[in-house]
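Visitor: return atomic coordinates for the entry below.
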Amino acid sequence: MDEYAKEGLRTLLLAQKRMGQSEYREWALKYEEASLCVNDRDEQLDKISALIEHNFEIVGSTAIEDRL
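Guide: Reported below is the predicted structural model:
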């Protein structure tokens, strides 16, 4: 990833996280509730997403040259 960045390439990191079914169901219920919020929906979705967006296992990366 560092080499891609040094070359100025647009990078994409691929990662995964293993979760038990009960852990996922609990999170998915909270996510669904947040998605139905009328006020501050984006903020609520960000908070719920942050609950699981950690401890990922990196499985790959890719990069492309970004030319206009």
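Visitor: from now on I want contacts and neighbour counts done on CA atoms only, so please keep to that.
Guide: Fine.
Visitor: can you list the domains in this protein?
Guide: Listed by automatic domain parsing, the domain ranges of the chain are 1-17+57-68, 20-51.
Visitor: which of those domains sits most buried?
Guide: Ranked by mean neighbour count under mean count of other CA atoms under 10 Å, these are led by domain 20-51, which reaches a mean of 13.
Visitor: re the thing from before, weakest of the domains of the chain in terms of mean pLDDT?
Guide: Per-stretch mean pLDDT for the domains of the chain is lowest at domain 1-17+57-68 (a mean of 86).
Visitor: assign Met19 to helix, strand or coil.
Guide: For Met19, the assignment made with DSSP: H, G, I helix; E, B strand; the rest coil gives coil.
Visitor: so where do the strands sit in the chain?
Guide: With DSSP state E, the ranges of strands along the chain come out as 10-16, 57-64.
Visitor: just put those strands in a markdown table and tack on distance to Leu36.
Guide: Output for those, formatted as a markdown table (distance: least, CA to CA, whole Å):
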| stretch | distance to Leu36 |
| --- | --- |
| strand 10-16 | 26 |
| strand 57-64 | 30 |
